[in-house]
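> here is a sequence with its predicted model. Questions after.
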Protein chains: 2
Amino acid sequence: MEKQIKNEAITSREKDFAQWYTDVCKKAELMDYSSIKGFIIYRPYGYAIWEQIQKYLDQKFKDTGHENVYMPMVIPQSLFNKEKEHVEGFAPETLIATLGGKEKLDDPLIIRPTSEVLFCEHYAKIINSYRDLPKKYNQWCSVVRWEKTTRPFLRGAEFLWQEGHTVHETEQEARFETLQMLKIYQTLGEELLAIPFLTGRKTEKEKFAGAKETYAVEALMHDGKSLQSGTSHYFGTGFAEAFGIQFQNRQNQLQPVHQTSWGVSTRLIGSLIMVHGDDNGLILPPRVAPIQVMIVPIMPQKPGVLSQAKTLFESLKQAGIRVMLDESDNSPGWKYAEAEMKGIPLRIELGPRDLEQQQVVMVKRNDKAKKTIKFSDLVNESKLTLEQIQRELLQHAKQHLATNIREANSLEELTAILNQFGGYVKVSVDDTEEVEKIVKEKAQATARVIPFDQVGLRSKCAITGKPAKRIVYFARAY
Amino acid sequence: MEKQIKNEAITSREKDFAQWYTDVCKKAELMDYSSIKGFIIYRPYGYAIWEQIQKYLDQKFKDTGHENVYMPMVIPQSLFNKEKEHVEGFAPETLIATLGGKEKLDDPLIIRPTSEVLFCEHYAKIINSYRDLPKKYNQWCSVVRWEKTTRPFLRGAEFLWQEGHTVHETEQEARFETLQMLKIYQTLGEELLAIPFLTGRKTEKEKFAGAKETYAVEALMHDGKSLQSGTSHYFGTGFAEAFGIQFQNRQNQLQPVHQTSWGVSTRLIGSLIMVHGDDNGLILPPRVAPIQVMIVPIMPQKPGVLSQAKTLFESLKQAGIRVMLDESDNSPGWKYAEAEMKGIPLRIELGPRDLEQQQVVMVKRNDKAKKTIKFSDLVNESKLTLEQIQRELLQHAKQHLATNIREANSLEELTAILNQFGGYVKVSVDDTEEVEKIVKEKAQATARVIPFDQVGLRSKCAITGKPAKRIVYFARAY
């Protein structure tokens, strides 16, 4: 009964996917709105997911020789204006401080939308010789982009992210770095988030303002739309020249550094929701789940139930499992619904009859499968089942991705596929902005990536009929 | 020779303590200045110290039932103006954004100087019943205060900190929380930073804008001045009433919550520098040191030296010690000076003759003591020596504190003590703002804390001659 009441409040995915998404964000207590448009509150459960992602990535960054730093949260407007393309890309969506201590500022301060120019200014100061290279810095912070349309985790006026900024002696080294970080994001997807990312290079039109090349990881949402979930950029020497980041090379000559930047954000939480969730709420892969197991005692007032539940709780905790015991005075049905809404991978039910039999009922969140487990097997069985769920979610998402990559040989075919299925459409194109403009206008889709694997390139562009140069994956995207 | 060159650049502490401090900040590569006044760059080494502090505190916070959240970095001016005392305390030093996406904002946005009002607004929304209490939230972020005079780590336009904000059903519970968090800060000092804090309550004049009571941890710097290093506030129901944070209590009546907040910042890095440092640079307590052991190979070109150094490096790393091997082509003297500047607790020297004898030379940063250690004892001896250094630094700081608490029975005595020794001066006072005004004017000192231990209270106020009510510790402070 209570369960129904709890679930009735969620719109189903098929009925209205956008509304379902917002419902999950709110009802799983991932976030709340603040009184400032586009600035959300990251509630404990949502922030805890971000902490799991941070922990995983921070270790990977350190293992590959990166160091964390912290740069100012504001950028003087005069400094921001130094790199032309970059300015054009970001200027329209900035928040600007003009008053400090009640006085008007001579040089207004832009709240950082990204920190390239701050890193550049610092690097120009501290780098003199090839001996000072490489410098591989990362920063965890929040950034502000004054967006007109905002959605929790997907597009915010403020969001949390990490931004890596590195400078190198050679182009080869910088290119290696760019692809290494893309690979780390891909591994984050496969190992932690159970999300198989589609990877590749961005087209000229879609690349980052100021970058020579942008690479991305894209994820396929349940509704067939793509979500760009991380990017890695090779800058060449453009910023270095604009900001004077020069070094004495091994031939005693001054030359500019080769530069990269790369980042992922709390948008990944949006990916998690829309890749794995169902009509009962969130489904979290065990490795990223802040709570992996929820124990629900049934009739806890009956002798022995609560104390046994606590014993089981302790043994799971000792084994390194992130476990919680729901001791609230809500009904079991309400507790089940809440654990489901929050996407807790495993639920363990313990009532008086289970106690008699020295067993619990274990329920998997992803497929609702139930089994009874003896107390003595609980720790071991929980570990195995959590790993099983992790695998199943990845497998499920991989299959969804694989069945939703289709090829089109004409604009009509492309549009028909997108209208019927969504997903990615593989198209051989002559790779000009012209093609992307047509596809955007006629099919409301954008070029997501130019895949590394170009096998299957046809001779003619499916859109213009001119000679084809590239395979591009198109999709409708967030 | 090179060593001298490196050290010549630092001013000695006795000559000019302020300059020595700035030299250490810069030359130990803890920070750098950005082009925006008061906004510093936290360089990798400085940020790594902050990460050690974060790791320690975050665990303590979680162990005591706190959850992390993230609130917007901006506060609408209209919201900020809701709590009168709070506004008056912070309004003069705020940075204000007035332009978003090139348009003028109707309600300007204050870059958060602290987030009380944001937490209050959120709590008012999510709290309904005593069942929703307590809520114990913490946030790691940066805040902005538009200060006129800024110094690295001590007073910045932007600094990194954590701010805890909790709401409770009863006054008793909120008061317990306030003191529990003060205790955690004190333990942070004793266990991690090797800093014995002086603790107590702030006077009415010195308390936080909007707080009913403020408690603080104060540290005594080498130059005899005090540095407030953390605060914990009991708010009573003042904010709750201003923001409507009400709940249905167990008697089914609406009542406001009892509230606390508490925080420490990167100012702790300033404490570390000025408590432990010497004329060769920083001295870091091993538990907070990002690098605990530096291995310096001598004549690394000689056969076996570098490979043995690497073997020792691996064995220390395996043992969980944060170790680095300096493989740069600088001279040993230069390397020694650099390791000293950065305050690395232990230095291990390995040259060809040591290799023959299967031993290294181990040098303690804090007292320069040297000993030779057999390879086979290195891991064990390093662990023991690191713990020894940690104890010695705490002991040294404790002694400095103990010998620098003196009592004064008149304004003249107070001034004379401060002029001659600095440190804390214990004074029985009638505890009015009048006394603090006189002491500030005549002795340039402020009330640091009212100690918990009031033993030794005299009958007459040392300053006014009126009946004495309290013992207060006065000091000159940063």
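Sure, I can see it.
> tell me the predicted confidence for residue A:324.
For residue A:324, the pLDDT comes out at 98.
> so it sits against residue A:297, correct?
No: assessed by CB atoms under 8 Å, residue A:324 is found out of contact with residue A:297, at 11.9 Å. No exception for glycine: its C-beta is placed from N, CA and C like everyone else's.
> out of the two, which sits in the busier spot?
More neighbours surround residue A:297 than the other of residue A:324 and residue A:297, with 27 against 18 (other CB atoms under 10 Å in any protein chain shown).
> what sits against that one?
Neighbour list for residue A:297: A:305, A:306, A:309, A:325, A:326, A:327, A:350, A:351 [criterion: CB atoms under 8 Å, 6 or more residues apart in numbering or on different chains].
> looking at strand pairing, list the partners for it.
residue A:350 (DSSP bridges).
> so, low pLDDT: which residues of the stretch 1-150 of chain A?
For the stretch 1-150 of chain A, applying pLDDT under 70 flags the ranges A:1-8.
> the same query, at a cut-off of 90, please.
Within the stretch 1-150 of chain A, the segments meeting pLDDT under 90 span A:1-10, A:81-92, A:102, A:148.
> which stretches of the stretch 51-200 of chain A form helices?
Taking DSSP state H, counting those that start in this stretch as the test, the helices found in the stretch 51-200 of chain A are A:77-80, A:84-90, A:116-126, A:171-187.
> now residue A:166: closest residue in space that isn't a chain neighbour?
For residue A:166, ignoring the flanking residues on the chain, the nearest one in space by CB to CB, 6 or more residues apart in numbering or on different chains is residue A:136 at 4.4 Å.
> surely that neighbour meets residue A:174?
No: the pair formed by residue A:136 and residue A:174 falls short of the contact definition of CB under 8 Å, at 10.5 Å.
> picking that back up, and for the residue nearest to residue A:166, the neighbour number?
19.
> could you do the one 5 residues further on as well?
Applying the criterion other CB under 10 Å, we find 17 residues in the vicinity of residue A:141.
> so how far is residue B:108 from it?
Note on residue A:141: its distance to residue B:108, by CB to CB, to the nearest Å, is 23 Å.
> also residue A:74?
Going from residue A:74 to residue B:108 by CB to CB gives 15 Å.
> when these two are compared, which one has more neighbours?
Set residue A:74 next to residue B:108 and count neighbours by other CB under 10 Å: residue A:74 wins out with 28 against 21.
> and the residue in the stretch 351-478 of chain A that chain B sits nearest to, what does it touch?
Relative to chain B, the nearest point of the stretch 351-478 of chain A is residue A:478 (20.3 Å; CB to the nearest CB). Residues in contact with residue A:478, defined by CB under 8 Å, 6+ apart, are A:154, A:155, A:221, A:225, A:226, A:227, A:228, A:270.
> ok, now residue A:173?
Counting by CB under 8 Å, 6+ apart, residue A:173 touches A:134, A:258.
> can you pull the pLDDT of it?
Residue A:173 is assigned 98 on the pLDDT scale.
> for residue A:119, grab the count of nearby residues.
Here the number of neighbours of residue A:119 (other CB under 10 Å) works out to 26.
> could you measure from it over to residue B:56?
Distance of residue A:119 to residue B:56, computed by CB to CB: 28 Å.
> next: residue A:264.
For residue A:264, the distance to residue B:56 - CB to CB - is 27 Å.
> more crowded one of these two?
residue A:264 (23 against 18).
> so what's that one bridging to?
Beta-bridge partners recorded for residue A:264 (DSSP bridges): residue A:162.
> center of chain A, which residue is that?
Centroid check for chain A by CA atoms, centre = their mean gives residue A:268 as the closest residue, at 1.9 Å.
> does chain B sit close to the helix or strand where that one lies?
Assigned by DSSP states H and E, residue A:268 belongs to helix A:267-276. No: using CB under 8 Å from any CB of the partner chain, helix A:267-276 never reaches chain B; the gap is at least 11.8 Å.
> how about that helix as CSV, C-alpha atoms only?
Output in CSV follows, covering the C-alpha atoms of helix A:267-276 (Å, rounded to 0.1, in the frame of the first residue of the first chain):
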residue,chain,number,x,y,z
ARG,A,267,26.9,15.4,-15.6
LEU,A,268,28.1,11.8,-15.1
ILE,A,269,25.4,11.5,-12.4
GLY,A,270,22.9,12.3,-15.2
SER,A,271,24.4,9.5,-17.3
LEU,A,272,24.1,7.1,-14.4
ILE,A,273,20.4,8.0,-14.0
MET,A,274,19.4,7.8,-17.6
VAL,A,275,21.5,4.7,-18.6
HIS,A,276,20.5,2.4,-15.7
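> neighbouring contacts of it?
By CB under 8 Å, 6+ apart, the residues outside helix A:267-276 that reach it are A:21, A:24-25, A:30, A:46, A:49-50, A:53, A:151-154, A:159, A:193-195, A:219-223, A:227-230, A:282-285, A:288, A:343, A:366, A:393, A:397, A:400, A:478.
> those residues in strands, which ones?
Here DSSP state E is the test, and the contacts of helix A:267-276 give A:159, A:219, A:220, A:227, A:228, A:229, A:230 as lying in strands.
> from residue A:389, how far out is the second one?
When CB to CB is the yardstick, residue A:219 and residue A:389 sit 19 Å from each other.
> and whichever strand or helix holds residue A:324, what does it pack against?
Applying DSSP H and E as the criterion places residue A:324 in strand A:323-325. Contacts defined by 3 or more CB pairs under 8 Å, 6 or more residues apart in numbering or on different chains; DSSP states H and E place strand A:323-325 against strand A:293-297, helix A:305-318.
> how about the next helix-or-strand element following it, does it reach chain B?
Sequence order places helix A:332-341 as the next helix or strand after strand A:323-325, per DSSP H and E. No: contact of helix A:332-341 with chain B (CB under 8 Å from any CB) is absent, the minimum separation being 12.9 Å.
> got the buried residues for helix A:332-341?
Across helix A:332-341, burial judged by 16 or more other CB atoms under 10 Å in any protein chain shown covers A:332, A:334, A:335, A:336, A:337, A:338, A:339, A:340, A:341.
> of the residues you listed, just say which sits nearest to chain B.
Checking those against chain B with CB to the nearest CB, the nearest one is residue A:334 at 12.9 Å.
> from residue A:328, how far out is the closest one?
Plainly put, residue A:334 is 9 Å away from residue A:328 if you go by CB to CB.
> start to end distance for stretch A:312-323?
When the termini of stretch A:312-323 are compared using CA to CA, to the nearest Å, they are 10 Å apart.
> in that stretch, which residues are buried?
Neighbour counts over stretch A:312-323 (16+ other CB under 10 Å) mark A:312, A:313, A:315, A:316, A:321, A:322, A:323 as buried.
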